[in-house]
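Peer 1: any chance you can model this:
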Amino acid sequence: MFRPLSHIRVLDMSRILAGPWAAQTLADMGADVIKIERPGLGDDTRSWGPPFMGNQHDSSKESAYFLSANRGKKSVALDISKPQGQKILKKLVMKTDILIENYKVGGLSRYGLGYDDLKKINPRLIYCSITGFGQSGPLSNRAGYDFLVQAMGGLMSVTGEADGKAGAGPQKIGVALTDILTGLYTGIAALSALENREKTGEGYHIDMALLDVTVACMANQAMNFLVTGASPIRMGNSHPNIVPYEAFATADHYVIVAVGNDSQFQRFVSVTNMVDLSEDERFKTNAARVQNREELIPLIQECLKKRPAEEWINAFEKVGVPCGPINNMEQVFLNEQIQHRGIKIDMEHKNLGKIPQVASPIKFEGNSLSYERAPPALGQDTKEVLSEIAEISEKEIAELFKSEIIS
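Peer 2: Numbers count the residues shown, from 1 in each chain. Here you go, the predicted model:
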């Protein structure tokens, strides 16, 4: 099995999604990830359900949400609000490469666990802080959640049906995408700092903000504004820069047509028997089609309604015009391509038996990633980690359990 980060240890002191996603991504690459959780409670998302796996009334049940972002980790239930807990954490930090946390600005410093505190005992530590708005600035002390930041970062201003159409109004993305993207950027930043450490011998404090990531990921929409000075608007399933590139109703289901260039448009109109459109100056080029979308889209819609979705998809596929169905999650996991790629895997959980997981999309040709640890039960690895890594004696561990510093 391929484990390129097997020499790296990560302390995951984060909760919810952005930080856990970053840590899970590193775990998938083989890093030894230790998740620090509150005794008795753990990560907030352990209780974010239903749905749960396991008996709804059993304390061993786990939420689907928690199971989605914590694969490959060891769970240590440790009370860092107590001096003894802080002392134990520092022992772990001494043998850690990357620490990921998402406390409010200054939150860990109250316990003597901020970056300035920990770099004294491990100057090589890569310390990743994830917050809603960053470590500095007028909003830095505010709490930030994905939904809020999707709104503040402009994402919701371009998501949803256009004004004047049925169902008009801003919409959030159906998954916490800002958290996911922040997690991925955090992983990239951490590995870059790790590479820099190879040259300098020094660690680094990485400052990740959900708001920064959201604005950065507005991509062409952000540039559309910066170039023109006009804020992009909601356009439903339409694309601001490409036409035709949206959802169309057929005789039975909706399909996505994604014509990305003029050559594809010529093949598109040949299949739909509307060749005259490719010779019309209003539609000959993509720039012209964008300018004249209000005239073009109804013509296409009227045509596509005459045949069922599968017929159109097959016809367009034969000539290389991107087209496909809008799948629900059941259809996604039944899709032959998804099955071939091994996106769904099964893992053995300590309490729940066999559980499903969504595999990492990262593929290394000729090598397979190693999925060795299912998402852990709360405190599942406390004793092992404290004994083997923090080098705490069995007697002291027993006393720590008794005093509820650990669980």
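
Peer 1: flag every buried residue along the helix ranked longest in the chain.
Peer 2: When the chain is scanned for its longest helix (criterion: DSSP state H), the result is helix 177-200. Buried residues in helix 177-200, counted by 16 or more other Cβ atoms under 10 Å: 177-187, 189-191, 193-194, 197. In short, each C-beta sits where N, CA and C put it, glycine included.

Peer 1: how about stretch 112-131?
Peer 2: Under 16+ other Cβ under 10 Å, the buried positions of stretch 112-131 are 113-115, 118-119, 122, 125-131.

Peer 1: shaky segments in the stretch 51-200 of the chain?
Peer 2: Per-residue confidence of the stretch 51-200 of the chain (counting by pLDDT under 70) places no residue in a weak region.

Peer 1: so where do the helices sit in it?
Peer 2: Taking DSSP state H, counting those that start in this stretch as the criterion, the stretch 51-200 of the chain carries its helices at 64-68, 83-93, 115-118, 146-152, 177-200.

Peer 1: mind putting the buried residues of stretch 112-131 into TSV with distance to Trp48?
Peer 2: Output for the buried residues of stretch 112-131, formatted as TSV (distance: Cβ to Cβ, whole Å):
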residue	distance to Trp48
Leu113	26
Gly114	28
Tyr115	29
Leu118	29
Lys119	33
Asn122	33
Leu125	30
Ile126	29
Tyr127	27
Cys128	23
Ser129	23
Ile130	18
Thr131	20
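
Peer 1: just those now: which is nearest Lys104?
Peer 2: Distance to Lys104 across the buried residues of stretch 112-131 (Cβ to Cβ) is lowest for Thr131, with 6.8 Å.

Peer 1: contacting residues around the closest one?
Peer 2: 102, 104-105, 140, 144, 208-210 (Cβ atoms under 8 Å, 6 or more residues apart in numbering).

Peer 1: how about a cut-off of 6 Å?
Peer 2: 105, 209 (Cβ atoms under 6 Å, 6 or more residues apart in numbering).

Peer 1: could you give the bridge partners of it?
Peer 2: Per DSSP bridges, residues listed as beta-bridge partners of Thr131: Ala209.

Peer 1: give me the pLDDT for Leu210.
Peer 2: Per-residue pLDDT puts Leu210 at 98.

Peer 1: quick one: residues contacting it.
Peer 2: 132, 144, 149, 178, 182.

Peer 1: can you point out the buried residues in the one helix or strand Ala247 maps to?
Peer 2: Using DSSP states H and E, Ala247 falls within strand 245-249. Buried residues in strand 245-249, counted by 16+ other Cβ under 10 Å: 245-246, 248.

Peer 1: I'd like the residues you listed as TSV, with pLDDT appended.
Peer 2: Listed next are the buried residues of strand 245-249 as TSV, based on pLDDT from 0 to 100:
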residue	pLDDT
Tyr245	97
Glu246	96
Phe248	97
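
Peer 1: looking at the residues you listed, which is nearest Glu294?
Peer 2: Using Cβ to Cβ, Glu246 is the member of the buried residues of strand 245-249 that lies nearest Glu294, at 12.8 Å.

Peer 1: per-domain residue ranges of the protein.
Peer 2: 9-216+347-402, 245-331 (automatic domain parsing).

Peer 1: and these as CSV, adding distance to Ala222?
Peer 2: Shown next, in CSV, are those (distance: least, Cβ to Cβ, whole Å):
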stretch, distance to Ala222
domain 9-216+347-402, 7
domain 245-331, 18
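
Peer 1: tell me which of those domains sits most buried.
Peer 2: domain 9-216+347-402 (a mean of 18; mean count of other Cβ atoms under 10 Å).

Peer 1: how long is it from one end to the other?
Peer 2: Domain 9-216+347-402 has its terminal residues 28 Å apart, counting by Cα to Cα, to the nearest Å.

Peer 1: not counting residues beside it along the chain, what's closest to the residue nearest the centre of the chain?
Peer 2: Nearest to the mean C-alpha position of the chain, counting by Cα atoms, centre = their mean, stands Ile180 at 2.1 Å. Leaving aside its sequence neighbours, Ile180 sits nearest to Trp21 (Cβ to Cβ, 6 or more residues apart in numbering; 5.7 Å).
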